[in-house]
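Q: quick one: sequence and predicted model below, then my questions.
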Amino acid sequence: MARVDEPLPPADEEIAAEPAISPDVAISPQLMAGSVSEYLKVSFARIRAGETGVLPVVGGLLLVSILFQLLNSEFLTARNLVNLLVQAAVVSVLAMGEIYALLLGEIDLSIGFVAGIGGLVVAEAVKPTVGWEWWIAILVGLLATAAIGALQGTLITRIGLPSFVVTLAGLLFWQGVMLKVLVNGGSILVSDNIINDITAGNLTPAAGWAVMFVVVGIFGVMTWRRDARRRAAGLVAPPPTFTAIKIAAALAGGVAIVLLCNVNRGLIRPIRGVPWVVVVVFAVLAAWSFVLGRTRFGRYIYAIGGNAEAARRAGINLPLIRTAAFALCSFTAGIAGVIYISRLQSISTALEGGNLVLYAVAAAVIGGTSLFGGRGKALHGVLGGLVIAAIVNGMGLLGFSAPAQQVVTALVLLAAVTIDALARRGSRATGR
């Protein structure tokens, strides 16, 4: 039996990383590598088998956007769309953290108030009476939230307590800590300009273009090299033309975002440029996509979520990996907490940590992450966060009440879970 510090056999790694498809579809890797049409046929076969990927959430986002634009022409203006990106940031980052727990088939109900603890630590540290540097305050806040996740993960994995119970207790405990520190109804103002500029500040138009080209360039190089290696190894991979199309699509998306953000959004004074918080969200997305998709640790998480007993028999240290996953979940919540205090420029007992965790779980599931474990990506959290932000933003423009917004969000979540359940049923029906 392999030790946890030994790499799995390369062939097994590649096969395990491959999405399963319907067994009645015969596929030749070489044929797929040389023909776009054949690769598209296989992709359609996967969709018919229930592996829809991000198609439902992307379609839902487009449908929501069209609907709200027809009802209110202000929805698709540059000012509102950039504001929507900023609104979605906290939920998207929280959802990317929650995905670590969901991939294991677990759940973390505490991340809303863990995010609050992270924001509270940072706000306390940068107060004029304390005077810490902003980066030291953020580092300490993130380490504190990671320690919280490690503690809760240890209780879950070492003692065997249900994650639902442990993190529910964490929700109540950390809420109580916040109330104790802030005193009922209290708040702490954040006067540090750098922290406040995370959501209020913008890159210059030129800097926005530079960052976008660097990010797309890195993505393009990594995507091309990954697909080329898989084709050379005779594994299932898209043909070069399709890889080039993916890179071109990423470039087109980046150009669209920068053009949108560089439009003057100011009413009194000119406001242009990509908000810093958008860069932060994409940085978290890139980091966690790499961790989950390109590292042994990420493969172990998927393996545990898919079949924990098989993973244990393969020599994976389940307690260590699961504890680390909960630590990363809370660490990511700490990033969301920093974004939260930046946007409000304060932290108070008004933090609705319970709603935040529900939105985070909803965003992850709406984006395509399975509640049953073993399937999900960091991208799902971002897309789901955008859907929720679009619903809240659009209904706000139409004057809908908060209860109505929650009802609609609940219906969207129910639809997403239904799609997930039907996809799993389709997978079982095809023998996958």
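A: Noted; the coordinates are in hand.

Q: what residues are up against the residue lying closest to Q405 once chain neighbours are set aside?
A: Excluding the flanking residues, the one nearest Q405 by CB to CB, 6 or more residues apart in numbering is M395, at 4.8 Å. Where C-beta positions appear, they are placed from N, C-alpha and C, glycine not excepted. Residues in contact with M395, defined by CB atoms under 8 Å, 6 or more residues apart in numbering, are 404-405, 408.

Q: same check, this time on L179
A: L179 neighbours (CB under 8 Å, 6+ apart): T349.

Q: how about the secondary structure of it?
A: helix (DSSP: H, G, I helix; E, B strand; the rest coil).

Q: from V114, how far off is it?
A: 15 Å (CB to CB, to the nearest Å).

Q: excluding chain neighbours, what is closest to N196?
A: Q345 (5.2 Å).

Q: revised request: answer the last question for N262.
A: Nearest residue to N262, sequence neighbours excluded (CB to CB, 6+ apart): P205, at 4.5 Å.

Q: go on, V121?
A: G141 (4.0 Å).

Q: contact partners for that neighbour?
A: By CB under 8 Å, 6+ apart, the neighbours of G141 are 118-119, 121-122, 125, 334, 337-338.

Q: and stretch 81-97, how far from the chain's centre?
A: 9 Å (CA atoms, centre = their mean, to the nearest Å).

Q: tell me which residues in it are buried?
A: Residues 81-82, 84-97 are the ones in stretch 81-97 that count as buried (16 or more other CB atoms under 10 Å).

Q: so which of those is the closest to A147?
A: G97 (14.8 Å; CB to CB).

Q: what's the average pLDDT for the helix or strand hosting A207?
A: In this assignment (DSSP states H and E), A207 forms part of helix 205-232. For helix 205-232, mean pLDDT rounds to 91.

Q: tell me the contacts of T243?
A: Applying CB under 8 Å, 6+ apart, one finds that T243 lies in contact with 223-224, 227-228.

Q: what's the neighbour count on G305?
A: G305: 23 surrounding residues under other CB atoms under 10 Å.

Q: typo on my end, I117
A: 28.

Q: ok, now V417?
A: As a burial measure, V417 scores 15 neighbours (other CB under 10 Å).

Q: which element, helix or strand, includes it?
A: Using DSSP H and E, V417 falls in helix 402-429.

Q: one more: F164?
A: Assigned by DSSP H and E, F164 falls in helix 163-182.

Q: re the thing from before, between the buried residues of stretch 81-97, which is closest to A325?
A: Of the buried residues of stretch 81-97, the one sitting nearest to A325 (CB to CB) turns out to be G97, at 10.0 Å.

Q: now that closest one, nearest residue through space, not along the chain?
A: Nearest residue to G97, sequence neighbours excluded (CB to CB, 6+ apart): T332, at 3.0 Å.

Q: helix, strand or coil for the one you found?
A: Looking at T332 with three-state DSSP, the answer is helix.

Q: I'd say it and L285 touch.
A: No. Using CB atoms under 8 Å, T332 is not in contact with L285, being 10.8 Å away.

Q: the two: who's more crowded?
A: A direct count of neighbours by other CB under 10 Å for T332 and L285 places T332 higher, at 32 against 18.

Q: can you pull out the helices in the stretch 51-200 of the chain?
A: 55-71, 78-103, 111-125, 134-158, 163-182, 193-200 (DSSP state H, counting those that start in this stretch).

Q: which of these sits closest to W209?
A: helix 78-103 (16.0 Å).

Q: for the closest one, packing partners?
A: In terms of contacts (3 or more CB pairs under 8 Å, 6 or more residues apart in numbering; DSSP states H and E), helix 78-103 is packed against helix 111-125, helix 240-261, helix 276-294, helix 296-306, helix 318-344, helix 353-367, helix 378-397.

Q: can you tell me which of the contacts of M395 is closest to G153?
A: Q405 (33.0 Å).

Q: against L142, how distant is the closest one?
A: 31 Å.

Q: of the two, which one has the most company?
A: Per other CB under 10 Å, whichever of Q405 and L142 has more neighbours is L142, with 21 against 17.

Q: contact partners for that one?
A: Per CB under 8 Å, 6+ apart, neighbours of L142: 118, 331, 334-335, 338.

Q: check D192 too.
A: 126, 134, 137 are the contacts of D192 under CB under 8 Å, 6+ apart.

Q: which two of the contacts of L142 have the greatest separation?
A: Among those, F331 and V338 lie farthest apart (CB to CB), at 11.4 Å.

Q: which one of these two has more residues nearby?
A: Shown here are F331 and V338; by other CB under 10 Å, V338 has more neighbours (29 against 22).

Q: so for that one, what's the pLDDT?
A: V338 is given a pLDDT of 97.

Q: distance of Y100 from I366?
A: In terms of CB to CB, Y100 sits 17 Å off from I366.

Q: how close does L94 get to F219?
A: Noted for L94: a distance of 24 Å to F219, by CB to CB.

Q: coming back round to it: okay, angle between the helix holding A207 and helix 240-261 too, please.
A: 160 degrees (axes from the mean of the first three to the mean of the last three CA atoms, to 10 degrees).

Q: who does helix 205-232 touch, helix- and strand-wise?
A: helix 240-261, helix 276-294.

Q: would CSV of those with distance to A360 and mean pLDDT be doable?
A: Shown next, in CSV, are the helices and strands packed on helix 205-232 (distance: least, CB to CB, whole Å; pLDDT from 0 to 100):
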stretch, distance to A360, mean pLDDT
helix 240-261, 23, 92
helix 276-294, 13, 94
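
Q: circling back: what's the burial count for the residue nearest to N262?
A: Count around P205 with other CB under 10 Å applied: 16.

Q: again, but for N72
A: There are 17 residues near N72, going by other CB under 10 Å.

Q: check what pLDDT it gets.
A: 90.

Q: how about it: what's its closest non-neighbour residue?
A: Nearest non-adjacent residue to N72, counting by CB to CB, 6+ apart: L397, 4.7 Å away.

Q: and N72, how far is that from T369?
A: 30 Å.

Q: how long is stretch 336-356 end to end?
A: Stretch 336-356 has an end-to-end distance of 10 Å (CA to CA, to the nearest Å).

Q: go ahead and confirm H380 touches I99.
A: Yes. Contact criterion CB under 8 Å: H380 and I99 qualify, at 6.6 Å.

Q: residue contacts, the residue of the chain most remote from its centre?
A: For the chain, the residue at maximal distance from the C-alpha centroid (CA atoms, centre = their mean) is T129, at 35.5 Å. Going by CB under 8 Å, 6+ apart, T129 touches no other residue.

Q: any idea how far it is from V263?
A: 41 Å.

Q: ditto for R269
A: 14 Å.

Q: the two: which is more packed in?
A: Using other CB under 10 Å as the criterion, R269 and V263 rank with V263 on top: 15 against 6.
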